[in-house]
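[1] build me a model from this:
(one chain, ligands or ions: 1)
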Amino acid sequence: MVFENPKIKELLGKTRVLWALGHAQSVLAWDSETYMPRQGVVDRSMALAELAALQQRLLLREEVVKLVEELVDEEDLNDYEKGVVRVLNRRIRIMKALPPKLVMEMAKTTEEARPYWKEARDKNKFELFQPYLDKIIDLSRQAAEYIGYEEHPYDAALDYYEEGLRKRRVEEMFKYLEPRIRRILEKVLSEGRYPQTHELETVEYRKTDMERVNITILQNLGYPFDRGRLDVSAHPFTIGIGLDDVRITTRYEGKDFKRTLYSTIHEFGHALYDLQIDKALRATPIANGASLGIHESQSRFWENIVGRSRAFVEALYPILKDNLDFISGYSVEDLYYYFNTVKPSLIRVEADEVTYNLHILLRFKLEVKMIEGEYKATDVAEIWNEEMERLLGIRPKTYSEGVLQDIHWSMGSIGYFPTYTIGNLVSAQIYHYITKELEDFHGSISSMNFDVIREYLREKIHKWGATYPPAELLRRSFGEPMNPKYFIEYLEAKYLA
Ligand code: MG
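    Next up is the predicted model:
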């Protein structure tokens, strides 16, 4: 038995309703993005706001808080039990620290800001969003003060999304990455072996054809369709409703088929994580991923490290040829370079493996200054453009392709972006160890036999759920904390060798 301590059992009994509520919220959230009729949004957002408030009340019940407080100092707990206490204690600490008035105000502000952000982006009118961004910055600064931090207010924002992450650590990480990435990028661009664009980007496909491709690839990767679904949504996502119900979505834009293909593989990586969590953790507070960064490492591992490798492209080729009539005009080599174009671009979500983290660096720098109170919204719009030019040598002509491109700030998510870079770095770290520890990593990709790779990830990452905080999980599984050198090694081996 995983949970033996009687007090832990009591706590799990008392918090099971929270799990059930989360389960219901997930189904509603999934429905909102997939099948709900557009006008359903009014009732749905009211209902979700009520449920969020109910969740807070249920978590902060005195009987729950007291039990958790007692258990924090309990030494006679196994790792899973400690995990339960750690996760609940953290949630309680944050929820207690934030005054309900501030939470309500943030919810209200971001609710109002969303449509203005969208309109501002569509019309390239930053001034529509600016007052909301100022308000969001101000509320985030207040939240950081309430939550508390040791060194810097941005630490509170970071830690909220990635347990244990600190501004100082992210700075060190980028200090190492920036010059190396820029050097690699310069070389890749001057050598010209990896193209900046590819004619397949303009070729149109039939949606039904790409659906077949996506489903076939998911079957080959090992996505169990009796424990998940593939649907369509505006922004692809994964949602773990239960350990045996993990759903993904994709989108079909009608041309440039690599976009739907790789976003499907990306979401598969997220889904596999949840699907391989130990069933003994079912319906507990640790039946989910260790952190956003570790979750993203799984999606990036499958999307980039596996999905964009030569071995995978070779194995993929017959599936593409069977389903897309235009593929016969292209070789495996053509496809490999189509999937791996490298070019400085303005839009983060379209960025390649080499340039992606520079987009995150830019956002990180701006967020730190916003939280420090040094930058207001108006400053951010201009500095964005300058910084983009400095980092990638291109300058946005509009705010829509600059400061307005991401939804995150309009949702109040300041401190979230660095978790994307954590994901990229950890995926490369896993790659380093998996090629050392598995006999024939690339061979199993070539033969589309992913069992050993899935098992490796299950043992090292997935099965633990949120038992350990992210840094400890990495130390236990790989003997060291996150190390950015593996990402640079990966890029050099792939793009410069
Ligand atoms: Mg993701």
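
[2] which of the helices or strands spans the residue nearest the centre of the chain?
    Geometric centre of the chain, nearest residue: residue 296, 4.2 Å, by C-alpha atoms, centre = their mean. Under the criterion DSSP states H and E, the helix or strand holding residue 296 is helix 292-300.

[3] buried residues in that helix?
    292, 293, 294, 295, 296, 297, 298, 299, 300 (16 or more other C-beta atoms under 10 Å). The way it works is simple: take the backbone N, C-alpha and C, and place the C-beta from them, glycine included.

[4] list phi and psi for residue 231.
    Residue 231 adopts backbone torsions of phi -130, psi -180, taken as degrees, to the nearest 10.

[5] tell me what it is bridged to.
    With beta bridges defined as DSSP bridges, residue 231 has these partners: residue 249.

[6] contacting residues for it?
    Counting by C-beta atoms under 8 Å, 6 or more residues apart in numbering, residue 231 touches 34, 35, 247, 248, 249.

[7] most surrounded residue in the residues you listed?
    When the contacts of residue 231 are compared by neighbour count (other C-beta atoms under 10 Å), residue 248 ends up highest, at 24 neighbours.

[8] I figured that residue hits residue 230, correct?
    Yes - the pair residue 248 and residue 230 qualifies as a contact (C-beta atoms under 8 Å) at a distance of 5.8 Å.

[9] what touches both of those two?
    With the criterion set as C-beta under 8 Å, 6+ apart, the overlap between the contacts of residue 248 and residue 230 is residue 264.

[10] for the stretch 251-400 of the chain, just list every one of the helices.
    Listed in chain order, the helices of the stretch 251-400 of the chain (DSSP state H, counting those that start in this stretch) span residues 258-275, 292-300, 310-323, 332-339, 356-372, 377-392.

[11] now for the helix holding residue 296, which elements pack on it?
    Using 3 or more C-beta pairs under 8 Å, 6 or more residues apart in numbering; DSSP states H and E as the contact criterion, the neighbours of helix 292-300 among helices and strands are helix 258-275, helix 418-437, helix 470-478.

[12] buried residues of stretch 415-432, list them for me.
    Of the residues in stretch 415-432, those buried by neighbour count under the rule 16+ other C-beta under 10 Å are 415-432.

[13] how far does that stretch sit from the chain's center?
    Averaging C-alpha positions (C-alpha atoms, centre = their mean, to the nearest Å) puts stretch 415-432 9 Å from its chain's average.

[14] go on, stretch 291-302?
    Between the mean C-alpha position of stretch 291-302 and that of its chain there is a distance of 6 Å (C-alpha atoms, centre = their mean).

[15] what about it, average pLDDT?
    Taken as a whole, stretch 291-302 has a mean pLDDT of 98.

[16] tell me which residues of stretch 401-413 come out buried.
    By neighbour count on 16+ other C-beta under 10 Å, the buried set for stretch 401-413 is 401, 402, 403, 404, 405, 406, 408, 409, 410, 411, 412, 413.

[17] ok, and what's touching that stretch?
    Applying C-beta under 8 Å, 6+ apart, the set of residues contacting stretch 401-413 from outside is 106, 109-110, 113-114, 116-118, 120-121, 124, 126, 129, 132-133, 136, 139-140, 161, 346-348, 363, 380-381, 384-385, 388, 396, 414, 416-417.

[18] now do the same end-to-end measure for it.
    The stretch stretch 401-413 measures 19 Å between its terminal residues, going by C-alpha to C-alpha, to the nearest Å.

[19] then stretch 36-43?
    Stretch 36-43 has an end-to-end distance of 11 Å (C-alpha to C-alpha).

[20] quick check: residue 14 touching residue 67?
    Yes - Residue 14 is in contact with residue 67 according to C-beta under 8 Å; the separation is 7.0 Å.

[21] more neighbours, the two?
    Neighbour comparison, residue 14 and residue 67: the larger count goes to residue 67, with 19 against 15 (by other C-beta under 10 Å).

[22] what does that one show for phi and psi?
    Per degrees, to the nearest 10, the residue geometry at residue 67, taken as phi and psi, is phi -60, psi -40.

[23] show me the contacts for the nearest residue to it once chain neighbours are set aside.
    If the residues on either side of it in the chain are set aside, residue 67 comes closest to residue 11, at 4.8 Å by C-beta to C-beta, 6 or more residues apart in numbering. Counting by C-beta under 8 Å, 6+ apart, residue 11 touches 64, 67, 68, 71, 84, 85, 88.

[24] for the fourth one, what is the enclosing helix or strand?
    According to DSSP H and E, residue 71 maps onto helix 62-72.

[25] would you map out the domains in the protein?
    6-152, 167-495 (automatic domain parsing).

[26] could you dump the helices of the stretch 251-400 of the chain to JSON lines with distance to residue 23?
    Listed next are those as JSON lines, based on distance: least, C-beta to C-beta, whole Å:
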{"stretch": "helix 258-275", "distance to residue 23": "13"}
{"stretch": "helix 292-300", "distance to residue 23": "18"}
{"stretch": "helix 310-323", "distance to residue 23": "34"}
{"stretch": "helix 332-339", "distance to residue 23": "37"}
{"stretch": "helix 356-372", "distance to residue 23": "32"}
{"stretch": "helix 377-392", "distance to residue 23": "38"}
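
[27] which one of those is the most hemmed in?
    With neighbours defined as mean count of other C-beta atoms under 10 Å, the helices of the stretch 251-400 of the chain peak in mean count at helix 292-300, which reaches a mean of 25.

[28] put the alpha carbons of that helix into CSV.
    Below are the C-alpha coordinates for helix 292-300, written out as CSV (Å, rounded to 0.1, in the frame of the first residue of the first chain):
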residue,chain,number,x,y,z
LEU,A,292,4.5,22.9,-15.7
GLY,A,293,8.1,22.8,-16.7
ILE,A,294,8.4,19.0,-16.3
HIS,A,295,5.1,18.6,-18.1
GLU,A,296,6.4,20.7,-21.0
SER,A,297,9.6,18.6,-21.1
GLN,A,298,7.5,15.6,-22.0
SER,A,299,5.7,17.4,-24.8
ARG,A,300,8.9,18.8,-26.1
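
[29] for residue 444, give me the pLDDT.
    For residue 444, the predicted pLDDT is 96.

[30] am I right that it sits in a helix?
    Yes - secondary structure assignment (DSSP: H, G, I helix; E, B strand; the rest coil) places residue 444 inside a helix.

[31] distance check, it against residue 340.
    Distance from residue 444 to residue 340, counting by C-beta to C-beta, to the nearest Å: 21 Å.

[32] equivalent analysis for residue 37, please.
    According to C-beta to C-beta, residue 37 stands 40 Å off from residue 340.
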